[in-house]
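Q: Based on what follows, work out the 3D shape:
(2 chains)
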Amino acid sequence: MVNQTVSLIIIHAALETDSSKGMEDITPALSIGNVGQLAVDLLVSSTGAETVGYLDDQFVLPCVGNDAYRPSPRGDLALPLQAYESSSSGLTLIQQRSPVVKGMMVEYAKNLADFAAASGNKHVVVLSALDFGRLQRIDMSSEPCIFKMSYVSFLGHFSGPQIYYLSSTSVNGTDDYCEQLGWKRLQEYHPAQRGWKYLSSLAEGDVGDENNFAFEDDLEEEDYYPSLPFAALFSCFKARGLKVTCLLCYCSEGDNMADAFNLADAACKFLRLNPDNVRGDDAEKWTVPFSWMTVYGPPPDMSMF
Amino acid sequence: MEDVLTEIPPPSRFFQEDLNNFTPPLPPLPSPFLLFSNPKLDAPLRPTLLIVAISSPSLFVFHHLSSKTLIGSLILPEIPFSGNSIEPSLTDKSCNIYAVNDVDGRILVVSVQCSVAAERSHAVAKVLIGEEIIPERVLILDSIQNRNFRGKLPPDETFAFKLETSAARKEGPSLLKDVDYFPSGSMVDGLPAALLSRCQLKNIKGTLCVSWPEFGGSAVPFIQSLLQKNVLPGMDFGLNNGEDGYSWFSQNRNRPFDSELYT
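A: Reported below is the predicted structural model:
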């Protein structure tokens, strides 16, 4: 299949003056609970970021809707891949609203990485989530997350579930600043493991016969983490020479808004965003996106009571 | 039947293969293409208005429009021709392209009478808009997708919403000025979304109108009235007693079972 580069359709003059260069990019990776996408929604809504363009990629399934953020939507379209810019925060946010065509995740990641590199952005932050069921199966005894949640519930405080990270700044994925923030490096990242190695080869466009991954074989437990979308984005951004940091949290499928708040908060801390630039109504930290109001569908028909 | 209390729930709203980098891709398909009955037509075609009918009511309305000429077809190689009739029929699996006669300006209508897979929608939209056909304005007619709509959809009410590109909104009075904007939080996916996205990216004035109900008889006169009032003033769609025929058509189109074995 012919690889088609993502093209950014510019609708705002600001991008033409290269104002995005040097800015940091935040982008979600698809995951359980759609947590990365929800977190980006929160960041766009709360920073007052404006649409600066749309990305056109044949590997993202089409969808369209009305403006997801304003309380009185003006009719601005929401498309599958949309770029927002918050000049006060120095942030470019790319929201992804629909899934990737089956089997084309790595191609999509390559396209996005090509675009980010061509745009001159130096650092990409990928927001995503991991299946909490996987964490329990792997190592219950080392689970600070469960203990921490129970402990802080007992105290009546809540400091948020543990944030995990993966950084391109070192070979094993560690980053001193993330460690200072109290976050844990994703222990399941092993560059020499076959899944991570194969992903890295794909990202660099170097897939010889000797590197072929046996798709017909069942994936093993160790292949799970490199199989996730955030891993494709991490590998492809890294292959393009960009600094990339993945911020991750464990969650279960359900009402994932709390997870989104936690992850968005982590992104703000990581990027040292000025709290004045992330301000909701009535001095609350976050502005909840208007589209979240109907996430559970319409209210019940009260006439039946 | 699984016990919902004890069975392990699905891990995600996504299928596992949607979140797997190592899922093998689908077999590649040949690209869709346009076929015109008159190969000497000036290319690209530049209609003042391109109407894409996708919903059952809109397909029914335009099928009965007598003042139109078949000029071509969009061919999707994965859709077999078996079972199609020589003369255009509502039961055909086809994407015929018609020129509307007796109007000011050049108006084309595409009747999408086959299912276009979501992953093919981008390619189909690219063929229909911006290459061999470069319209000044596009109107897409589809139904509200129950699965993607967060509001109430009473079965006994008839209504419509719209979405418009930036170019259409900047121009002035909307093409469908009495139709409200689609509520925030709900989405449209598939071919209608791909078409409107294409219009936005190409800076073409595009309007997507989604109506409800999807198969009810009240939708036909509603769509007809919408078109006569806003798009094709005074056009006779020849639908004085159209609802009888529509009931049969909508029942058959709504069949859950549709096999290529039976034509």
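
Q: From B:P25, how far out is the residue in the stretch 101-250 of chain A that chain B sits nearest to?
A: In the stretch 101-250 of chain A, no residue comes nearer to chain B than A:G103, which is 3.1 Å away by C-beta to the nearest C-beta. All C-beta atoms are positioned from the backbone trio N, CA, C, and that covers glycine. Distance, A:G103 to B:P25, by C-beta to C-beta, to the nearest Å: 3 Å.

Q: next one: B:I134
A: 31 Å.

Q: any idea how far the spatially most central residue of chain B lies from chain A?
A: In chain B, the centroid-proximal residue (C-alpha atoms, centre = their mean) is B:I54; its distance is 2.4 Å. Per C-beta to the nearest C-beta, to the nearest Å, B:I54 is found 13 Å from chain A.

Q: tell me the phi and psi of that residue?
A: Dihedral pair for B:I54: phi -120, psi -40, per degrees, to the nearest 10.

Q: same thing with B:S56?
A: With angles defined as degrees, to the nearest 10, B:S56 sits at phi -60, psi -50.

Q: In chain B, mark out all the helices, start to finish.
A: B:56-63, B:118-128, B:166-171, B:191-201, B:219-230, B:242-253 (DSSP state H).

Q: For the chain, which segments count as strands?
A: You didn't pick a chain, so chain A it is. For chain A, the strands defined by DSSP state E cover A:7-10, A:24-28, A:50-56, A:63-66, A:77-78, A:81-86, A:91-96, A:123-131, A:164-167, A:184-185, A:243-251.

Q: wrong one, chain B
A: Applying DSSP E to chain B gives strands spanning B:33-36, B:49-53, B:68-75, B:95-100, B:107-112, B:137-143, B:159-164, B:180-181, B:187-189, B:205-212.

Q: Excluding chain neighbours, what is closest to B:L76?
A: Closest residue to B:L76 apart from its sequence neighbours, by C-beta to C-beta, 6 or more residues apart in numbering or on different chains: B:P32 at 4.8 Å.

Q: what number of residues lie near that neighbour?
A: B:P32 has 20 neighbouring residues, counting by other C-beta atoms under 10 Å in any protein chain shown.

Q: A:Y224 now?
A: 18.

Q: Check the one 10 residues further on too.
A: Each residue near A:F234 was counted by other C-beta under 10 Å, and the total is 31.

Q: was I right about it contacting A:L127?
A: No: taking contacts as C-beta atoms under 8 Å, A:F234 lies outside contact range of A:L127: 11.9 Å.

Q: what do those two both touch?
A: Here A:F234 and A:L127 have A:C246 as joint contacts, going by C-beta atoms under 8 Å, 6 or more residues apart in numbering or on different chains.

Q: Tell me the pLDDT of A:V207.
A: For A:V207, the model assigns a pLDDT of 63.

Q: quick one, what contacts residue 230?
A: As the question left the chain open, I've gone with chain A. A:A29, A:S31, A:G36, A:V126, A:S128, A:L166, A:C246, A:L248 are the contacts of A:F230 under C-beta under 8 Å, 6+ apart.

Q: other chain: chain B
A: B:N230 touches B:L175, B:L176, B:K177, B:D178, counting by C-beta under 8 Å, 6+ apart.

Q: Please identify the member of these with the greatest number of neighbours.
A: Result: B:L176 is most packed of the contacts of B:N230 (other C-beta under 10 Å), 21 neighbours.

Q: Please report the distance of that one from B:L49.
A: B:L176 is 13 Å from B:L49, by C-beta to C-beta.

Q: what do those two both touch?
A: B:V231.

Q: okay, and for the stretch 51-200 of chain B, where does confidence drop off?
A: Counting by pLDDT under 70, the stretch 51-200 of chain B shows no low-confidence range.

Q: what does it have sitting close to chain A?
A: By C-beta under 8 Å from any C-beta of the partner chain, the residues of the stretch 51-200 of chain B that approach chain A are B:118-119, B:121-123, B:125, B:150-152, B:163-166, B:169, B:181-194, B:196-197, B:200.

Q: shaky segments in the stretch 151-300 of chain A?
A: Using pLDDT under 70, the flagged stretches of the stretch 151-300 of chain A are A:151-160, A:207-218, A:275-277, A:279-284, A:298-300.

Q: If we use 50, what do you get?
A: The stretch 151-300 of chain A contains residues with pLDDT under 50 at A:151-159, A:209-211, A:216, A:282.

Q: Give me the contacts around stretch B:156-175.
A: With C-beta under 8 Å, 6+ apart, stretch B:156-175 has contacts from A:11, A:64-66, A:74-77, B:137, B:139, B:144, B:176, B:179-183, B:188, B:196, B:199-200, B:203-213, B:216, B:218-219, B:222, B:226, B:230-231.

Q: Got a ChimeraX select line for the buried ones in those residues?
A: Here is the ChimeraX selection string for the buried members of the contacts of stretch B:156-175, based on 16 or more other C-beta atoms under 10 Å in any protein chain shown:
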select /A:64,65,66,75,76,77 /B:137,139,144,176,179,181,182,183,188,196,199,200,204,205,206,207,208,209,210,211,212,213,216,218,219,222,226,230,231
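
Q: how many neighbours does A:D176 have?
A: Counted with other C-beta under 10 Å, A:D176 comes out at 10.

Q: Same question for A:S119.
A: Neighbours around A:S119, by other C-beta under 10 Å: 17.

Q: what separates it from A:Y54, distance-wise?
A: 14 Å.

Q: likewise B:K205?
A: According to C-beta to C-beta, B:K205 stands 16 Å off from A:Y54.

Q: Tell me which of the strands of chain B sits nearest to A:P289.
A: Nearest to A:P289, of all those, is strand B:187-189, at 13.8 Å by C-beta to C-beta.

Q: partner strands of the closest one, parallel or antiparallel?
A: strand A:63-66 (antiparallel) (DSSP bridges).

Q: For the strand it pairs with, give me every contacting residue.
A: By C-beta under 8 Å, 6+ apart, the surrounding residues in contact with strand A:63-66 are A:73, A:75-80, A:97-98, A:291, B:163, B:181-189, B:192-193, B:196-197, B:208.

Q: Measure how far that strand is from the centre of its chain, please.
A: Chain-centre distance of strand A:63-66: 20 Å, with C-alpha atoms, centre = their mean, to the nearest Å.

Q: residue contacts, residue 84?
A: No chain was given, so I picked chain A. If you count contacts by C-beta under 8 Å, 6+ apart, then A:Y84 has A:V44, A:A49, A:E50, A:T51, A:V52, A:T92, A:L93, A:I94, A:Q95 around it.

Q: Can you look at chain B instead?
A: By C-beta under 8 Å, 6+ apart, B:N84 lies in contact with B:D92, B:K93, B:S94.

Q: if you set the cut-off to 10 Å instead, what comes out?
A: Neighbour list for B:N84: B:T91, B:D92, B:K93, B:S94, B:Q113, B:C114, B:T263 [criterion: C-beta atoms under 10 Å, 6 or more residues apart in numbering or on different chains].

Q: Make a PyMOL selection of whichever of the residues you listed turn out to be buried.
A: Buried members of the contacts of B:N84, defined by 16+ other C-beta under 10 Å, are picked up in PyMOL with:
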select buried, chain B and resi 92+93+94+113
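
Q: which one of the contacts of B:N84 is nearest chain A?
A: Chain A has its nearest neighbour among the contacts of B:N84 in B:C114, at 17.1 Å by C-beta to the nearest C-beta.

Q: which one is that closest one nearest to, not counting chain neighbours?
A: Nearest to B:C114 is B:K93, by C-beta to C-beta, 6+ apart, at 4.2 Å.
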